[in-house]
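Chemist: Predicted model and sequence follow; I will ask about them next.
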Amino acid sequence: MKLTILGGGGFRVPLVYGALLGDHAEGRVSRVTLHDTDLDRLTAVARVLDEQAGGVPDAPAVLATTDLDEALKGADFVFSAIRVGGLAGRAADERVALDAGVLGQETVGAGGIAYGLRTVPVAVDLARRIARLAPDAWVINFTNPAGMVTEAMSRHLGNRVVGICDTPVGLGRRIARVLGADPDHAWIDYAGLNHLGWVQGLYVNGRNELPRLLADDALLGSFEEGKLFGTDLIRSLGAVPNEYLHYYYFNREAVRAYQRAELTRGAFLREQQQGFYARMREPGTPALATWDRTRAEREATYMSENREVAGAGDRAASDLESGGYEQVALALMRAVSRNERTSLILNVRNAGVLSALDADAVVEVPCLVDANGAHPVAVSPLPYHAAGLVTSVKAVERAVLEAADSGSRSAAVRAFALHPLVDSVNVARELVDAYTRVHPQLAYLDKP
């Protein structure tokens, strides 16, 4: 099988290739085509993959190209992990928002809306091109904002595009371990949107073990989300929130912490990755070791400002382990290509699972996956507080999709104004003005 990775010069591509190296079964991915618009980044990542493949006799062949059509032709799976505007764009998203006094984050609030406005038109163009050049391919979307981008692509690819995220998987596995359960044999009752979901149950042999967690202060405070949110809040919600909900429940504190930080997360990653890619241009640089060191630093500093606000301390060793989105992607490909049926938490069309949203709205829920794709399954109804956030943020996503489709500046303003973390229509107008000044990709927002 041929796997094409869009954004093939991205820093996390070796995680995907590493997962593929462990798959030796018949029908596995045997060819990987990396596509990127930046030849230097492509070359650097190809060097890392070459070292990873050392000593693996059946390692998938790797081709790197800047020709998009060549990359797509003949693909069985397309993995989309593009970043429109690069990390400089992300850093600008965060800084503009913070300067306006609202959250600056890649996928949440003003920063996420700006990122979506830049990314959706490109993702739609990719979806159309995939439908033309690789109509039988399955698309695995990791491009952020993942739910919004998956929904935009689904309008052209239908159910053949599936969004993935490692956050709910990691959350479910942490809860299972705390409860002494095997994460691979626990059913996670999880629902919401990407980066906006809650675990309402964890079932082992048909028994919901979550009440045991909620009743035990020591257990509840022993893992990442328990430390981040605090036991009292989680117990009062009756559910364990996705870590990104910290931006909603502790918004003022998060904004202050991000404003005090020497660098935004995007600026930190931009500097870190500029250093990595610069070192990789030197012929004698040990590619894999350099990548490993850079990744360890990246993971250790993840959501550091939020952990500082909560007094959660450093990340636990288990949170730094690999086995996240790349394993989800591999399991998804195996299920579809070999009919190795499995259950995964994915971003797919709602199809009536969450009653507050229409059938075509992309949601993040457990799915049964087989050769016919991903099929969302029933979950517990969302309580009012969760349903309110989900419907509000979905309205924002729909306004972004409208703006991207029509070029309507007023739809873009509406997207910012409707978001729960942007508290003023005037601020929304200021944000649109500021983002259009710093991002040439938003020049299309030129209609009323």
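Modeler: On my side now, so go ahead. Numbering: from 1, shown residues only.
Chemist: now residue 119: how far from residue 404?
Modeler: 9 Å (Cβ to Cβ, to the nearest Å). From N, CA and C alone the C-beta is placed, and that goes for glycine too.
Chemist: Find the residue ranges of the stretch 201-350 of the chain scoring beneath the pLDDT cut-off.
Modeler: 301-323 (pLDDT under 70).
Chemist: Break down it into its helices, ranges please.
Modeler: 210-214, 217-220, 224-229, 231-237, 246-249, 251-260, 265-280, 287-300, 304-310, 325-338 (DSSP state H, counting those that start in this stretch).
Chemist: Buried residues, the fourth one. List them.
Modeler: Burial within helix 231-237, assessed by neighbour count using 16 or more other Cβ atoms under 10 Å, is assigned to 231, 234-235, 237.
Chemist: What of the last one?
Modeler: For helix 325-338, the neighbour count (16+ other Cβ under 10 Å) marks 325-337 as buried.
Chemist: just these now: which is nearest residue 188?
Modeler: residue 328 (12.8 Å; Cβ to Cβ).
Chemist: Could you report the distance from the closest one to residue 345?
Modeler: For residue 328, the distance to residue 345 - Cβ to Cβ - is 8 Å.
Chemist: shared neighbours, those two?
Modeler: Counting by Cβ atoms under 8 Å, 6 or more residues apart in numbering, the contacts common to residue 328 and residue 345 are 165, 169.
Chemist: out of the buried residues of helix 325-338, who's nearest residue 369?
Modeler: residue 335 (3.9 Å).
Chemist: How about the contacts made by that closest one?
Modeler: Counting by Cβ under 8 Å, 6+ apart, residue 335 touches 341-342, 344, 369-371.
Chemist: Can you lay out those residues as a markdown table showing distance to residue 48 and neighbour count?
Modeler: As requested, the contacts of residue 335 are arranged in a markdown table below (distance: Cβ to Cβ, whole Å; neighbours: other Cβ atoms under 10 Å):
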| residue | distance to residue 48 | neighbour count |
| --- | --- | --- |
| 341 | 33 | 11 |
| 342 | 28 | 15 |
| 344 | 27 | 21 |
| 369 | 29 | 23 |
| 370 | 33 | 15 |
| 371 | 32 | 11 |
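Chemist: Tell me which two in those are the farthest apart.
Modeler: Once Cβ to Cβ is applied, the contacts of residue 335 give 344 and 371 as the farthest pair, at 14.5 Å.
Chemist: The most centrally placed residue in the chain: helix or strand, and which one exactly?
Modeler: Taking Cα atoms, centre = their mean, the centroid of the chain lies closest to residue 165, which sits 4.5 Å from it. Here residue 165 sits in a region with no helix or strand, counting by DSSP states H and E.
Chemist: for it, phi and psi?
Modeler: phi -150, psi 140 (degrees, to the nearest 10).
Chemist: Can you tell me the closest non-neighbouring residue to residue 247?
Modeler: Leaving aside its chain neighbours, residue 247 sits nearest to residue 108 (4.8 Å; criterion: Cβ to Cβ, 6 or more residues apart in numbering).
Chemist: how near is the one you found to residue 97?
Modeler: 10 Å.
Chemist: Which one of the two is surrounded by more residues?
Modeler: Each of residue 108 and residue 97 had its neighbours counted (other Cβ atoms under 10 Å), and the higher figure belongs to residue 97 (30 against 25).
Chemist: Over to that one: give its phi and psi.
Modeler: phi -60, psi -50.
Chemist: Hmm, it is touching residue 111, no?
Modeler: Yes - judged on Cβ atoms under 8 Å, residue 97 makes contact with residue 111 at a distance of 5.1 Å.
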